[in-house]
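Q: Predicted model, plus sequence, below.
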Amino acid sequence: MQTIKQQSINTIKTFLEILENQKALFSEARDDLYQLAESIETFAADQFEEMARAIRAFVKKYPPIRDRVLESNRGAGGGSPVENTPKDEKTLHNQLLNKIRLNTPPPSKKPNQDEGNQLKR
């Protein structure tokens, strides 16, 4: 039986794999994906449960992505759990942020109307 930590790490790794290999699934989720990165940025590198919780909240909004994560996690849970080395765990946070950023341009900024009003004065 897997620990909560191992389940969380599996969720993160599964999400990373899907983000890397099935980019088309994320085409409608760009803004939320950017928000996910901002949330994950606030977590410490060893807060796997929190990162996995944020991923689960994100995928809940996007059923095709959610289904892939669940499908892959079921497959991962069916065999022996893969042990992670401390080095793997240490880099997982950065891997997740980097993959999201590579696949998500920052949302376009809309000009602030107050700035426009100040220019007219």
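A: Thanks, I have it. Numbering: from 1, shown residues only.
Q: Sort out which residues of stretch 2-20 are buried, please.
A: Under the neighbour-count criterion of 16 or more other C-beta atoms under 10 Å, stretch 2-20 has 6-16, 18-19 buried. Placement of C-beta: from N, CA and C, glycine included.
Q: Name the secondary structure element that contains residue 7.
A: Residue 7 is part of helix 4-21 when elements are defined by DSSP states H and E.
Q: what about residue 102, distance to residue 23?
A: Relative to residue 23, residue 102 is positioned 10 Å away (criterion: C-beta to C-beta, to the nearest Å).
Q: I figured residue 34 was touching residue 104, is that so?
A: Yes - because the distance of 4.9 Å satisfies C-beta atoms under 8 Å, residue 34 is recorded as touching residue 104.
Q: So which of these two has more stuff around it?
A: Higher neighbour count among residue 34 and residue 104: residue 104, with 19 against 16, using other C-beta atoms under 10 Å.
Q: which SSE is the closest residue in space to residue 100 that isn't next to it in sequence in?
A: Once flanking residues are discounted, residue 100 sits nearest to residue 37: 4.2 Å by C-beta to C-beta, 6 or more residues apart in numbering. Take DSSP H and E as the rule and residue 37 turns out to sit in helix 30-41.
Q: chain center to that helix: distance?
A: Remark: helix 30-41 is offset 7 Å from the chain centroid, using C-alpha atoms, centre = their mean, to the nearest Å.
Q: List the buried residues for it?
A: Neighbour-count burial for helix 30-41, counted by 16+ other C-beta under 10 Å, picks out 32-37, 40.
Q: Show me the two of these that sit farthest apart.
A: Pairwise distances among these were taken by C-beta to C-beta; the largest, 12.5 Å, belongs to 32 and 40.
Q: lowest confidence element among the helices and strands of this protein?
A: One helix or strand of the chain scores below all others by mean pLDDT, DSSP states H and E: helix 113-120, with a mean of 50.
Q: Closest to the centroid, which residue in the chain?
A: Nearest residue to the geometric centre of the chain (C-alpha atoms, centre = their mean): residue 55, 5.1 Å.
Q: Contacts only, for that one.
A: By C-beta atoms under 8 Å, 6 or more residues apart in numbering, residue 55 lies in contact with 11-12, 15, 36, 69.
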